[in-house]
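K.L.:
need a structure here:
(chains A, B, C and D, ligands or ions: 2)
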Amino acid sequence: MKFGVVIFPGSNCDHDCQHVFEDVLGQQVEMIWHKEPTVSGLDAIVIPGGFSYGDYLRTGAIARFSPVMNAVKEFAQNGGLVLGICNGFQILLEAGLLPGAMLRNRSLHFVCKDVYVRVENAATPFTGACKPGQVLKIPVAHAEGNYYTDPVTLAGLQANAQVVLRYCTAEGQVTPEANPNGSLDNIAGIRNAEGNVLGMMPHPERSAEEMLGNEDGRLILASMLESLRKRPLKMVGA
Amino acid sequence: MKAKIHVTLKQGILDPQGKAIEHALDSLGFKNAENVRVGKYMEMDLNEHDKAKAEATVKQMCEKLLANTVIEQYRYELSEK
Amino acid sequence: MKAKIHVTLKQGILDPQGKAIEHALDSLGFKNAENVRVGKYMEMDLNEHDKAKAEATVKQMCEKLLANTVIEQYRYELSEK
Amino acid sequence: MKTNTADLKELLSQHNLTDDEYKKIRDILGREPNLTELGMFSVMWSEHCSYKSSRVHLKKLPTTGPRVVQGPGENAGVIDIGDGLCVVFKMESHNHPSFIEPYQGAATGVGGILRDVFTMGARPIAILDSLRFGSLESAKNRHLMRGVVAGIAGYGNCMGVPTVGGEVRFDDIYSLNPLVNAFCLGIAHKDKIFRGTAAGVGNPVIYFGSKTGRDGIHGATMASDAFDDESEQKRPTVQVGDPFQEKLLLEACLELMANDLLVGIQDMGAAGLTSSSSEMASRAGNGIELDLTHVPRREPGMTPYELMLSESQERMLMVAKAGKEEECIRICRKWDLDVAVVGKVTGDGLLRVLDQGQVVAQIPAKALADDGPRYERPYSPPTYQDMLTNLNYDSIPDVKDASAALLSLLSSPTIASKRWVYEQYDHMVRTNTIVRPGSDAAVVRIKGTDKAVAMTVDCNGRYCLLHPYEGARLAVVEAARNLVCSGAEPIGLTDCLNFGNPERPDIMWQFVLAIEGLKDACAHLKIPIVSGNVSFYNETNGLSIYPTPMLGMVGLIEKADKAMTQWFREDGDAIVLLGQTRDDLGGSEYLKVMQHREQGSPPYLNLEAEEALQKFVLKVIHEGLVQSAHDCSDGGLAVALAECCVSGPSTPRGAVVKLGLGSLRRDALLFGESQSRIILSTKPNVVESLLSRATEAGIPAAHIGSVGGDRLIVEVERGRLADGDRIDLPIREVSDRWARALEELLSQE
Ligand SMILES: Nc1ncnc2c1ncn2[C@@H]1O[C@H](COP(=O)(O)OP(=O)(O)O)[C@@H](O)[C@H]1O
Ligand SMILES: [Mg+2]
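P.N.:
Numbering: from 1, shown residues only, chains lettered A, B, ... in the order given. Ligands and ions are numbered 1, 2, ... in the order given. Purely as a prediction, here's the structure:
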């Protein structure tokens, strides 16, 4: 499979995503400069973490206007898989590919540590390899992961099983203490209504190798592969 | 013209920064401060002398970029430099 | 009383955020925006009816906490709620 | 310059220049300098840039070795790690700016050290930070610490370079002079190391990065200026960092370097355009002609003086190969950077500065960069030195309640977990961090090889106060021990020497002895010092900091999977103590916390014994005989054991330990900071062979207990047991105290 990894000025997990898909999962990767107006021949697009445009004004606010984002939108509209990690999630929100917005962490601090997330919906292209309710240990690293949306939208997300990952304890309890940033309903990751776009704050690419002490994140990436293999042969965007 | 833009969190949206400041003020002995809200304030010069045009532009800027209307509201004033 | 406080970077101090916004506006086609500067805007309610007292308090707050007077300047307005 | 003597005096003092230095300037120029030239000399001849008080002594340090590719003198040191790769590293201080504006001061400190490393052609892969603050009981110190940590996080996180380790210590002596030292390490190809040289007469000189503003003018002189209460006025000189701009600068630099366009390159640090241009010219024995007309500016009406002295951040100067200008400019533009050809390399050895066609300054580059004044400042031990060292231990009662003492030590901020700090740093980005903050050293793998590098920063300023020579030696061996415990062989060192006012003989004495100590320890362990930095004048109102020669040491692990951590891994494992415990209470954290004394002689050190221990531990780790390895430092054996139990990522493990008292004091046995001691845990079946091999190697070794249970129990064996002889605590309590102490101190408003 061929994964596109978008590079914005200030992206800094782009190499990490390239590494994990190429060297760990043995897939093809194409790095896509943000000024590219079109993409082609890709099976999935990853919007990596980092500080696109320095996170100035609002995180993701400026990046969403990069030419490549039109291509990403189109790719998504054609059913292509799009994964936004951390800053990538924030960009997808600003771009309107996912509902809601990010506020500063409750602590006002940047927080980098392992957290536990519970798989609330295992029937997505991003979680197919997980058991329902499975608890994954995946690191977060952000200052704006405090997810917010209005009550109506939230109800919609919950009703359509669009809340895919929620912060929880090691035992799988969804509690305020287990929430690293104060996000609404302990939300760590959501998908769009169609189910082909996922945004998540935790970094699966940082927990996909034994040497890094934790391989849970790999399940997310492996799920993508699996669903791409199962999918009827039509190369999106091609 | 000169544009002055205020972008603030919508009512009802929790403002962690405001809370923190309120708490800090309190422990500094400023017991009588309440409902602290923190927002952004932007100033810019606009090469545009027609007030109506300038208004339209600034409104667009806010809608498109400067404010995220999911969580924020904005207001602006225009003045001659 | 209600206090409205503006905290902005002093003249000549680099404003990376303003620079980035100006750049973004430009590439969005808003070519006529210049000297974008970004600051903080704060609102709070003060349990204090004596204007002079309120003034003194707010000034203290700014000096002590709200503004980093090394690189920032502040101004405030007070109004009845 | 047409000025009457009164004005001249005023002018010179504003520029921190002495009459003699001014005379020397006149002799060099053969005329009076104009104001711009005076400013250029003042920054280049400042202590910060010229090392005028330290050079004669720094020369003594061992800087060579088989792996050394580049020693001191360039932007950073370079060491060969095989496979055609090098590590490039350096440590820098940003103490004064951080005191004035903690967030921006620390942030720009990180920005500066990053530039030093990527200027050499390396991609930065790790940052470490070493911090010193006064007591957290003071709101001001809490404010400083919060700001500094946020500043380091704000810059490093945005750059996507993980901050993988560091050190924070607390002592009131640092209240008015906090220390903020940042270390950065990068990876480069051995055949693609870049240097700051302006070779090739006629080659274009190109400016790129941010525009120039009035930031930090006199910053370089400020950094060499003892504080007084008027320092407030110097505030507007603080620079603001733009990590986003620096990230673009980094990527642009690496792209420029990959395309074979450059002759030389250097970042604009302190003294901005003046230092970068004069140093590059001087290294090549050439001159440079700069035309300020082309320098990108942030503000109108900037004078040549301001342009040459500005310390605006995120700026670089490169000398391109003739004809490659366009290509360089294209790459810089791709990354949205300001870029302009601002001059050319000349053969006359002069730094000539033009503005609007006028020559506004003309100085021999070498005079600015290398011919600054050198001082052999007088030195002599302070009168109070004996009072510090002479401590009558009989006057100090032995420990009454060892359990309580341990808890107090674990909640002393110097010993307590630094989680509050490093959780604000992205320490995982780049997915190379195989040992995260929280063990003796951080370990970062090098993708595309089997290798990993280990890094640590260490210095105990109290030891250095009590005996600068011993303190410096102890810093070297502790750093090395931290690396060895992580499975790494020490291969190189960078230093950041923080001291008081060198014009004071007692301070100069501390400096000279510390250098001697560094020299002897490094020479013995064969660890070359390849880069460094001196920060003098850490003094306010006549009060100097403890001598603090901060060290950043780098180790190599050939097989990354041999990396070792400090925490116990499995219940039932045997606990082995290597090394000898003596009556070493002097200068200990225990004396400070429990007796409020910072006195005595620092722990005894025998370099042969230390070396034998380190060789042995490295060997057994590589043979796979070891489950964990932790060196004993602050708080001694009891604290080290507690750390083995609670510092791991999973839930804490208990341990049961028996120690023989022999002729020692109980407090010395439990909390003394005897050197050359390492706690290993091993599978029970290998203990015997391990012990006998240690004994053969001449290393004192004892099987002191085993891992497991839900309590930390340390019994001291001797005739009969009195209460105080026993540490017996629920492991949860030990863990909570240690894990929460720092956060609790900082959460006071
Ligand atoms: N300022 C800091 N930033 C990042 N990590 C830190 C910092 N201070 C301490 N640490 C980490 O906490 C752990 C304990 O630090 P320290 O007690 O200095 O170790 P040691 O005594 O072995 O030198 C180390 O892993 C160190 O890297
Ligand atoms: Mg240690």
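
K.L.:
Pull out the buried residues from stretch D:663-678.
P.N.:
Using 16 or more other Cβ atoms under 10 Å in any protein chain shown as the test for burial, stretch D:663-678 gives D:664-678. For every residue, glycine as well, the C-beta is placed using N, CA and C.

K.L.:
Quote the end-to-end distance of that stretch.
P.N.:
End-to-end span of stretch D:663-678 (Cα to Cα, to the nearest Å): 21 Å.

K.L.:
What residue, apart from its backbone neighbours, is nearest residue A:104 spatially?
P.N.:
residue B:16 (5.2 Å; Cβ to Cβ, 6 or more residues apart in numbering or on different chains).

K.L.:
ok now stretch D:581-588, how far from the chain's centre?
P.N.:
Here stretch D:581-588 shows a centroid-to-chain-centroid distance of 26 Å under the convention Cα atoms, centre = their mean, to the nearest Å.

K.L.:
That one vs ligand 1: in contact?
P.N.:
No: under the criterion of Cβ under 6 Å from any ligand atom, ligand 1 is not reached by stretch D:581-588; the shortest gap measures 13.3 Å.

K.L.:
Give me the residues contacting that stretch.
P.N.:
D:389, D:391, D:393, D:396, D:460, D:462-463, D:465-466, D:591, D:598-604, D:634-637, D:664-665, D:667-669, D:671-675, D:677 (Cβ atoms under 8 Å, 6 or more residues apart in numbering or on different chains).

K.L.:
can you dump the C-alpha coordinates of it into CSV?
P.N.:
What follows is stretch D:581-588 as a C-alpha-only set of coordinates in CSV (Å, rounded to 0.1, in the frame of the first residue of the first chain):
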residue,chain,number,x,y,z
THR,D,581,31.0,2.8,51.5
ARG,D,582,33.0,5.1,53.7
ASP,D,583,32.2,7.9,56.2
ASP,D,584,31.5,10.3,53.4
LEU,D,585,28.9,12.7,54.9
GLY,D,586,30.6,15.9,53.8
GLY,D,587,28.6,18.0,51.4
SER,D,588,25.8,15.5,51.4
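
K.L.:
Which single residue of chain D ends up nearest ligand 2?
P.N.:
Relative to ligand 2, the nearest point of chain D is residue D:440 (3.9 Å; Cβ to the ion).

K.L.:
likewise chain B?
P.N.:
In chain B, the residue that lies nearest ligand 2 is residue B:20 (34.5 Å; Cβ to the ion).

K.L.:
same thing with chain A?
P.N.:
residue A:213 (20.1 Å).

K.L.:
shaky segments in the stretch 101-250 of chain D?
P.N.:
D:218-237 (pLDDT under 70).

K.L.:
can you give me the strands in it?
P.N.:
Ranges of strands within the stretch 101-250 of chain D are D:123-133, D:163-170, D:179-189, D:204-209, based on DSSP state E, counting those that start in this stretch.

K.L.:
now swap in chain A and tell me
P.N.:
With DSSP state E, the ranges of strands along chain A come out as A:2-7, A:28-33, A:44-47, A:81-85, A:101-103, A:111-119, A:135-142, A:146-148, A:163-168, A:187-191, A:197-200.

K.L.:
for those, which one sits closest to ligand 1?
P.N.:
In terms of Cβ to the nearest ligand atom, the element of the strands of chain A nearest to ligand 1 is strand A:111-119, at 10.7 Å.

K.L.:
Check which helices and strands that closest one sits against.
P.N.:
strand A:135-142, strand A:163-168, strand A:187-191 (3 or more Cβ pairs under 8 Å, 6 or more residues apart in numbering or on different chains; DSSP states H and E).

K.L.:
Just name the most buried of those.
P.N.:
Highest mean neighbour count of the helices and strands packed on strand A:111-119: strand A:187-191, a mean of 29 (counted as mean count of other Cβ atoms under 10 Å in any protein chain shown).

K.L.:
does any bit of stretch A:143-159 sit next to chain C?
P.N.:
No: contact of stretch A:143-159 with chain C is not found when judged by Cβ under 8 Å from any Cβ of the partner chain; the minimum separation is 14.5 Å.

K.L.:
Give the buried residues for that stretch.
P.N.:
Going by neighbour count (16+ other Cβ under 10 Å), the buried part of stretch A:143-159 is A:143-150, A:154, A:157.

K.L.:
and if you look at stretch D:432-452?
P.N.:
Quick answer for stretch D:432-452 (16+ other Cβ under 10 Å): D:432-446, D:449, D:451-452.

K.L.:
Report the beta-bridge partners for residue A:28.
P.N.:
residue A:2 (DSSP bridges).

K.L.:
Over to the one 4 residues further on?
P.N.:
For residue A:32, the residues forming beta bridges with it (DSSP bridges) are residue A:6.

K.L.:
if I look at it, how far off is chain B?
P.N.:
Applying Cβ to the nearest Cβ, to the nearest Å, the value for residue A:32 to chain B is 23 Å.

K.L.:
now the helix ranked longest in chain A, how far from the chain's geometric center?
P.N.:
Determined from DSSP state H, the single longest helix within chain A is helix A:217-230. Mean C-alpha position of helix A:217-230 versus that of the full chain (Cα atoms, centre = their mean) differs by 13 Å.

K.L.:
before we move on, what about stretch D:461-479?
P.N.:
15 Å.

K.L.:
Restrict it to CA atoms and write it as PDB.
P.N.:
Taking C-alpha atoms only, stretch D:461-479 is exported to PDB below (Å, rounded to 0.1, in the frame of the first residue of the first chain):
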ATOM      1  CA  GLY D 461      27.900  22.700  42.900                       C
ATOM      2  CA  ARG D 462      28.100  22.000  46.700                       C
ATOM      3  CA  TYR D 463      31.000  19.600  46.200                       C
ATOM      4  CA  CYS D 464      32.600  22.200  44.000                       C
ATOM      5  CA  LEU D 465      32.200  24.900  46.600                       C
ATOM      6  CA  LEU D 466      33.700  22.700  49.300                       C
ATOM      7  CA  HIS D 467      36.600  21.700  47.000                       C
ATOM      8  CA  PRO D 468      36.600  23.000  43.400                       C
ATOM      9  CA  TYR D 469      39.200  20.400  42.300                       C
ATOM     10  CA  GLU D 470      37.500  17.400  43.900                       C
ATOM     11  CA  GLY D 471      34.000  18.700  42.900                       C
ATOM     12  CA  ALA D 472      35.000  18.900  39.300                       C
ATOM     13  CA  ARG D 473      36.600  15.400  39.300                       C
ATOM     14  CA  LEU D 474      33.400  14.100  41.000                       C
ATOM     15  CA  ALA D 475      31.200  15.600  38.300                       C
ATOM     16  CA  VAL D 476      33.200  13.900  35.600                       C
ATOM     17  CA  VAL D 477      33.000  10.500  37.300                       C
ATOM     18  CA  GLU D 478      29.300  10.800  38.100                       C
ATOM     19  CA  ALA D 479      28.500  11.600  34.600                       C
END
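
K.L.:
near ligand 2 at all, that stretch?
P.N.:
No: applying Cβ under 5 Å from the ion, one finds stretch D:461-479 separated from ligand 2 by no less than 6.8 Å.
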